[in-house]
Each structure stands twice: as structure tokens, then as C-alpha cells.
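Asks: Take a look and give me a structure for this.
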Amino acid sequence: MRKLCVLGIFFLALMGSCSKEKLNEINTDPTKLTEDNYDPNSLLAQAQLKYANLGYYQLLYQSTMMQLLASTYYYYNNGDKYINVGSFTDYQGRIFDEGYTDASYIREMQRLARLKDPVAYKNLIAIGDMMFVLILQRITDTYGDVPYSQAVKAMQGVKYPVYDRQEDIYTQMLNDLETATAQLDTEKPGPSADLFYKGDISKWKKFGYSLMLRIAMRLTKADPEKARIWTEKAVGKTFTSINDNAILLTDASSFNSQNGTSLALRTFSDYLEVRWSKTLIDQLKNTNDPRLGVIGEVPKDGLAKNADQNLSGNTDATVQLGMPNGYDLQGGTTDISHSPNYPGGTGSGSDFAPLGKYSRPRTAMYLKLGGPIFILSYAEIEFLLAEAKVRGWNINGTANLHYTNGLTGAIQSLAQLDPLAAVDANKITAFVNQNPLDESSTQNALSAINTQYWVTTGTDFNFIEAWLNWKRSDYPKLIPVNYKGNVTNGTIPRRMIYLSTEVLNNPQNYKDAVARIAGGDVLTSRVWWDK
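Replies: A predicted model of the protein is given here:
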């Protein structure tokens with residue numbers, strides 16, 4: 001498996017870190033970084049940034065697969081229409097490829113911390129284990145069986161790591177997370193380069209238990225008893241408000257288009273050809289959701305105006321219109337101009353008129369170089385607690401209370417994306433009161449909770465999490481696209497394919513893992529917990 005010992009630009013300064021011998025002090029240039037004078041905290045920030053900033057890969061697949069965004073453009077047919085466009089199948093392996101690079105930063109960080117002072121760096125080491133679990137959960141949830149117990153151990157001589165079964169990975173993740181969270185000590189220093197919580201250990205404790213809850217709830221179909229036990233362990237220790245949201249703030253001033261290294265967010269050009277999906281906008285319209293007048297804008301006609309990031313569109317809730325998934329610009333029966341209620345536009349087809357009056361993500365709020373990336377939110381946790389209560393588990397408070405907290409927190413959190421997205425408190429209260437949890441049946445309650453989880457993660461641009469929870473919960477009930485030439489027989493993908501180079505770099509373990517997948521290494525197969 002490649003990149004197991006590739007530790008990025010930080011390790012170019014640590015050329016001796018993988019050697020068995022260090023140069024004698026007399027031969028060491030005091031101006032160069034070594035294992036002794038290097039601060040391992042920097043590697044935490046590097047891993048956090050790389051883990052968080054996957055917006056482009058989500059755009060190609062999960063954003064449109066989940067009918068949160070839609071696109072008529074060929075480039076986005078991968079997710080919008082389940083077609084493997086050109087060489088973009090390589091992007092399906094990026095979470096695998098880059099995830100293990102992120103994990104290698106964490107393990108090297110811990111190695112250096114233990115080498116320097118394991119007592120002083122106690123919290124950093126424990127947070128490293130929590131980050132490792134965070135990274136590996138996304139990898140295993142995306143692909144299924146993956147390396148865990150032998151992951152990123154090239155320095156220990158593990159050249160061909162085995163692919164652990166996902167069932168075993170989940171057991172180990174929960175145990176590792178519990179141990180790491182318990183080791184956090186508020187009396188000792190926190191990490192100095194922490195992009196999530198600025199070294200606040202009390203917030204990291206809440207994060208640990210909130211992540212434990214999310215991991216546990218992934219098991220509701222595969223192992224409901226284990227899901228219950230671990231969920232109840234986390235109760236009362238999770239996020240308590242949106243102030244606990246795990247968010248990484250990016251920096252537009254650091255954007256460097258030359259080498260791709262950046263603390264910046266997404267670029268406007270990537271999102272120029274997508275719109276909010278009809279499925280999402282209709283959900284907001286049908287419930288009079290106040291987010292409708294916040295998240296979207298109808299752009300001006302014409303390429304020059306449409307492509308001007310500084311030219312805001314119309315944010316009036318009454319004019320917002322979602323674009324249906326599964327349409328193109330090819331002039332045939334699936335051309336967007338033939339879609340129901342097509343609004344039309346002015347100008348020629350070359351200047352974006354075919355997109356008509358469809359709503360795009362509000363540019364000032366979402367499409368900027370500097371801004372926040374949501375990692376895990378209070379709203380998500382409250383929705384999961386509401387579901388756990390509906391299932392009859394030992395959860396403090398009522399299901400409706402947690403649902404209300406989740407809905408309130410979800411809307412409030414939009415202001416963390418941008419002050420423009422702040423919704424009046426009275427409007428939030430009125431909306432929440434008008435939309436209590438429907439507990440007339442378990443099915444109704446689960447549908448409402450997980451539909452709001454989908455809305456929340458979608459409007460936070462956390463598209464991968466929207467997809468993963470949809471797989472787990474089966475809500476909302478999305479109608480798949482059945483576009484000519486799709487590779488899934490008209491079904492929404494349930495997993496991504498492994499990194500293509502694994503068949504060369506780790507052939508036997510890769511083949512063993514694929515042999516355990518019912519249906520093989522394809523988009524329509526399911527991971528273990530996705531029953």
C-alpha cells in the first residue's frame with residue numbers, strides 16, 4: 001500500500017527520522033530540524049487539514065449521489081448519474097489513498113511525542129489515537145474491509161498490511177476511542193497546533209464521546225445490541241451546544257494554486273456548474289424551512305454574471321428552485337430543457353441559460369476560499385440521540401427533546417458558516433414548534449430524524465457524512481436516477497471502489513478483501529454494517 005511512509009513536506013526536514021542512527025552532534029547542522037527539536041504538534045494540524053479538506057471529491061460523488069446538489073455537466077456524471085466518466089474512477093480511491101497518508105501523519109506525530117516527552121505530550125498522544133479513529137472510520141465506511149491493525153506500520157516492517165474485517169475494525173475503534181478519551185487530562189497542556197479546538201481538552205473529551213456515539217449508531221442494522229451498549233456509554237458526555245461543533249477554519253490568504261498546499265476552502269470555479277437539488281429544495285419548501293432563504297440564491301442569466309462570484313443572486317425564499325438530478329445538456333430526452341417545470345432562461349446555451357433559474361449554493365456563504373469545514377456537529381449528535389431514544393434505549397430526555405435540539409442546532413450552526421446565514425431566533429423557534437417529531441410510529445420518527453440529518457449535513461457541505469448515514473438509516477427515501485449508460489443498474493452507489501494501485505502494491509491482501517465482498521469491488525456492493 002503506497003504512501004504508508006510518505007509523510008509530506010514536514011518530513012522533508014526530518015530526513016533522518018526513518019534511519020536507525022542519528023548523526024553525531026558535531027556533524028549536525030543546528031539550523032536544521034531533527035527529531036530532537038521538531039515540534040510534533042505541527043503534524044496534528046497537517047492531518048486535521050488534510051482530513052477535512054475533501055470538498056472536491058465529495059462534489060464529484062456524494063454531493064449529487066445524495067441529491068443534495070445536481071448538475072447537467074458531463075464532468076459531474078459520476079455522482080449525478082452513476083457513470084464512471086473517463087479517468088475519474090481514480091477519485092473513488094482518494095479517501096483510501098489520502099486517508100492513510102493522514103493516518104501516517106498522526107502515527108509519526110505520536111512517535112515523535114513519545115520520543116521527546118510522553119508525559120508532557122500525553123494529551124497530544126491521546127488525541128492522536130482519536131484522530132486515527134476519526135480518519136479510519138471514514139475509510140472503512142467508504143470501502144468496507146481495510147487495513148487497521150497493521151495500518152501505517154512500514155517503519156515497523158509491515159510492507160503488506162492485512163485488510164481487517166469491518167466488524168473487527170468497529171470493535172477496535174470503539175475500544176481505542178474509549179481508552180484515548182479516558183486518557184485526556186485537563187490538568188496537562190493541550191496541543192498547540194490544534195485546528196479543531198485550539199487545545200481545549202474539555203472540548204476534546206466531548207468530541208471523543210460524540211464520535212463514540214456516531215460510531216456506535218453505525219451498527220444499528222448490523223449489531224443493534226453493541227450499538228445500544230456503546231451509545232449508552234456516551235450518553236451525558238457528548239456535545240451540549242453548537243459551541244462544541246468540531247469545525248476547521250480555513251484561511252483564504254494561504255491559498256496557493258501553484259503547489260496545491262493551502263489552508264483555504266473550496267474554489268468557486270469547481271461549483272460553477274452545480275445547483276441545489278430539487279429533492280433538497282422541495283424538502284425545505286414543503287416544511288416552510290427558514291433555511292430556504294439562507295442557503296440558496298438564483299443567479300443572474302448569462303455566463304459573465306453567473307460566473308461572477310462577487311455578484312450575488314436572489315435569495316428570496318419564494319423564488320428558490322431546485323434542479324432535478326439526472327439531466328444533461330445533450331439535446332435529447334434527458335436534456336434539462338425537457339425536465340418538468342423547466343424555468344428557462346435568457347441568452348444562448350453557451351452562457352448558462354440552460355440552467356435557467358435554478359438555485360445555486362449562496363456564493364458569499366459557501367463558495368469562498370476562507371471559511372469553516374464541519375467535522376462533527378451538535379445537531380448530528382442530537383439527532384442520533386433522538387433515534388436512540390426512539391429505539392427504546394436508556395437515553396436521558398425525550399426523543400422529541402433531542403430532535404428539537406438537533407433541529408435548532410442545525411439552523412443555528414449555519415451562522416458559523418457565515419454571519420449572512422444567521423436565522424432570527426424567533427423564526428427558528430416557530431419552525432421547530434411547528435415541526436415536532438412524529439412519534440406515531442417508529443418508522444415515521446426514524447424517517448423524520450434521518451431526513452433532518454441529511455438536510456443538516458447537506459447544508460453544512462458535509463456530503464460524505466450525509467451519504468454514510470443515508471446508507472445506515474435508509475432515509476430519506478431517495479428516488480434513484482436511471483440514466484443511460486450508468487454502471488449501477490439505476491441504483492445509488494453504496495460504496496466506493498478500492499484504490500486502483502492496491503492490486504499492484506498489496507496484491508494478496510487486496511484480493512482476499514475483495515473475495516469477501518458480496519458482489520465484488522463495485523459501487524453497488526455493501527459494507528458489513530450496511531445490511
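Asks: mind listing what the nearest residue to Val119 once chain neighbours are set aside touches?
Replies: Distances taken as CB to CB, 6 or more residues apart in numbering place Lys188 nearest to Val119, at 8.0 Å, with adjacent residues excluded. To be clear about C-beta, it is placed using only N, CA and C from the backbone, and glycine gets the same treatment. By CB atoms under 8 Å, 6 or more residues apart in numbering, Lys188 lies in contact with Val119, Ala120, Lys122, Asn123, Ile201.
Asks: Check the gap between the last one and Tyr148 for me.
Replies: If I follow you right, that is Ile201. Distance of Ile201 to Tyr148, given as CB to CB, to the nearest Å: 26 Å.
Asks: One more: the second one?
Replies: Computed as CB to CB, the Ala120 to Tyr148 distance reads 28 Å.
Asks: Comparing those two, which residue is more hemmed in?
Replies: Comparing Ala120 with Tyr148 by other CB atoms under 10 Å, the one with more neighbours is Tyr148, at 24 against 11.
Asks: isn't there a helix covering Ile247?
Replies: No. Using DSSP: H, G, I helix; E, B strand; the rest coil, the secondary structure at Ile247 is strand, not a helix.
Asks: burial of the residue lying closest to it once chain neighbours are set aside, as a residue count?
Replies: Of all residues not flanking Ile247 in the chain, Pro372 sits nearest, at 4.6 Å (CB to CB, 6+ apart). For Pro372, the neighbour count with other CB under 10 Å is 18.
Asks: which residues of the stretch 51-200 of the chain fall in strands?
Replies: For the stretch 51-200 of the chain, strands defined by DSSP state E, counting those that start in this stretch occupy the ranges 69-70.
Asks: quick one, strands of the protein?
Replies: Using DSSP state E, the strands of the chain run over 69-70, 246-249, 275-276, 296-297, 360-361, 372-376.
Asks: closest one to Leu468 among the ones you listed?
Replies: Using CB to CB as the measure, strand 372-376 is the one of the strands of the chain that comes nearest Leu468, at 12.2 Å.
Asks: now the closest one: how far from the chain's centre is it?
Replies: Taking CA atoms, centre = their mean, to the nearest Å, the mean C-alpha location of strand 372-376 is offset from the chain mean by 8 Å.
Asks: so what's the residue nearest to Phe96 when sequence neighbours are not counted up against?
Replies: Nearest residue to Phe96 in three dimensions, chain neighbours excluded: Leu499, at 4.3 Å (CB to CB, 6+ apart). The contact partners of Leu499, taken as CB under 8 Å, 6+ apart, are Gly93, Arg94, Phe96, Asp97.
Asks: In this structure the third one contacts Val146, no?
Replies: Yes. Phe96 lies in contact with Val146 (CB atoms under 8 Å); the separation is 7.0 Å.
Asks: out of the two, which sits in the busier spot?
Replies: Taking neighbours as other CB under 10 Å, Phe96 and Val146 compare with Val146 leading, 28 against 24.
Asks: these two touch, right, the more buried one and Gln137?
Replies: No. Contact status for Val146 versus Gln137: not in contact, 10.5 Å apart, counting by CB under 8 Å.
Asks: What's the end-to-end length of stretch 486-504?
Replies: Across stretch 486-504, the terminal residues are separated by 27 Å (CA to CA, to the nearest Å).
Asks: Flag every buried residue along that stretch.
Replies: Residues of stretch 486-504 classed as buried by neighbour count (16 or more other CB atoms under 10 Å): Asn486, Thr488, Ile492, Pro493, Arg494, Arg495, Met496, Ile497, Tyr498, Leu499, Thr501, Glu502.
Asks: Provide a list of residue ranges in this structure with pLDDT below threshold.
Replies: Applying pLDDT under 70 to the chain flags the ranges 1-36, 55-56, 86-88, 254-267, 269, 301-310, 345-354, 356.
Asks: how close does Ala448 sit to Tyr403?
Replies: With the distance defined as CB to CB, Ala448 ends up 7 Å from Tyr403.
Asks: hey, what's in contact with both of those two?
Replies: Jointly contacting Ala448 and Tyr403 under the rule CB under 8 Å, 6+ apart are Leu437.
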